[in-house]
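> sharing a sequence plus its predicted fold:
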Amino acid sequence: MNQRATFVRMQDSTREDWQTIGGEFMQFAGSLPQRVVRHLQILQGDYGGFPVDRYTHSLQTATRALRDGRDEEYVVCALLHDIGDTLGTFNHPDIAAAILQPFVSEANHWMVQHHGIFQGHYFFHHLGMDRDLRERYRQSPHYERTAEFCELYDNPAFDPQGETLPIEEFMPMLQRLMAQPRQSIYKSVLQKPADAIA
């Protein structure tokens with residue numbers, strides 16, 4: 001396509017402009033899984049002092065969740081939980097949670113957004129921090145789910161000899177999950193035919 005709208009101020013845009021933009025948007029949205037994977041692959045070779053690089057850690061976390069019989073949404077959350085490491089050095093869980101929010105349940109979103117504090121249970125004390133910072137969230141209905149995610153999948157996924165499935169194993173899951181957002185301010189528009197966009 002590669003058509004363009006004609007306005008220079010959004011306030012001057014027309015319905016025809018937005019039909020053009022809508023058509024381009026749908027193509028762009030369709031390639032979101034590929035863009036997400038390309039960003040995840042930036043973590044290749046980035047060890048940061050860890051026994052495995054961050055990309056391997058992500059694949060290994062997802063592999064463990066898959067092998068344990070978790071559903072596709074959960075496995076994709078495991079795959080992407082640390083995707084924010086490069087852009088959100090000081091708040092990486094928030095980046096991952098923002099990417100996943102339109103597509104996942106509240107429980108899985110909360111789990112990804114808070115996994116950093118919960119994972120801290122295993123190492124914060126080595127940094128002079130309180131390893132039980134996660135206790136501030138004890139009343140959350142998602143506390144146990146997040147603690148379990150870290151214990152079973154995130155915490156043990158630093159094994160250079162651990163099973164690590166390739167990204168191709170997870171790509172179909174990511175494509176299915178991102179095919180249709182559950183939450184988005186644009187959800188109602190996305191469900192209309194392109195020529196019905198007003």
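That came in fine, so what should we check first?

> those helices in this protein, which residues are they?
If DSSP state H is used as the criterion, the helices of the chain fall at 15-30, 32-40, 54-67, 72-80, 92-100, 106-119, 143-149, 167-177, 187-190.

> would a markdown table of those with mean neighbour count, distance to residue 159 and mean pLDDT be doable?
(Glycine included, C-beta is placed from N, CA and C.) Formatted as a markdown table, the helices of the chain follow (neighbours: other C-beta atoms under 10 Å; distance: least, C-beta to C-beta, whole Å; pLDDT from 0 to 100):
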| stretch | mean neighbour count | distance to residue 159 | mean pLDDT |
| --- | --- | --- | --- |
| helix 15-30 | 14 | 35 | 89 |
| helix 32-40 | 16 | 19 | 97 |
| helix 54-67 | 24 | 7 | 98 |
| helix 72-80 | 25 | 15 | 98 |
| helix 92-100 | 20 | 21 | 97 |
| helix 106-119 | 21 | 16 | 98 |
| helix 143-149 | 18 | 17 | 98 |
| helix 167-177 | 16 | 18 | 98 |
| helix 187-190 | 12 | 40 | 70 |
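
> of all the ones you listed, which one is nearest residue 158?
Nearest to residue 158 among the helices of the chain is helix 54-67 (6.1 Å), distances taken as C-beta to C-beta.

> can you list contacts of the closest one?
40-41, 43-48, 50, 52, 74-76, 78-83, 85, 152-154, 156-159, 162-167, 169-170 (C-beta atoms under 8 Å, 6 or more residues apart in numbering).

> and it, how far from the chain's centre?
Centroid separation for helix 54-67 versus its chain: 13 Å, with C-alpha atoms, centre = their mean, to the nearest Å.

> give me the angle between it and helix 106-119.
Inter-element angle recorded for helix 54-67 and helix 106-119: 130 degrees (by axes from the mean of the first three to the mean of the last three C-alpha atoms, to 10 degrees).

> ok, residue 161 - contacts?
So residue 161 contacts nothing (C-beta under 8 Å, 6+ apart).

> quick one, phi psi at it?
Dihedral angles phi and psi of residue 161 (degrees, to the nearest 10) take the values phi -100, psi 0.

> mind checking how far it is from residue 56?
11 Å (C-beta to C-beta, to the nearest Å).

> circling back to that earlier point, buried among the contacts of helix 54-67? Make that a PyMOL selection.
Remark: buried members of the contacts of helix 54-67, expressed as a PyMOL selection using 16 or more other C-beta atoms under 10 Å:
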select buried, resi 40+43+52+74+75+76+78+79+80+81+82+83+85+152+153+154+157+162+164+170
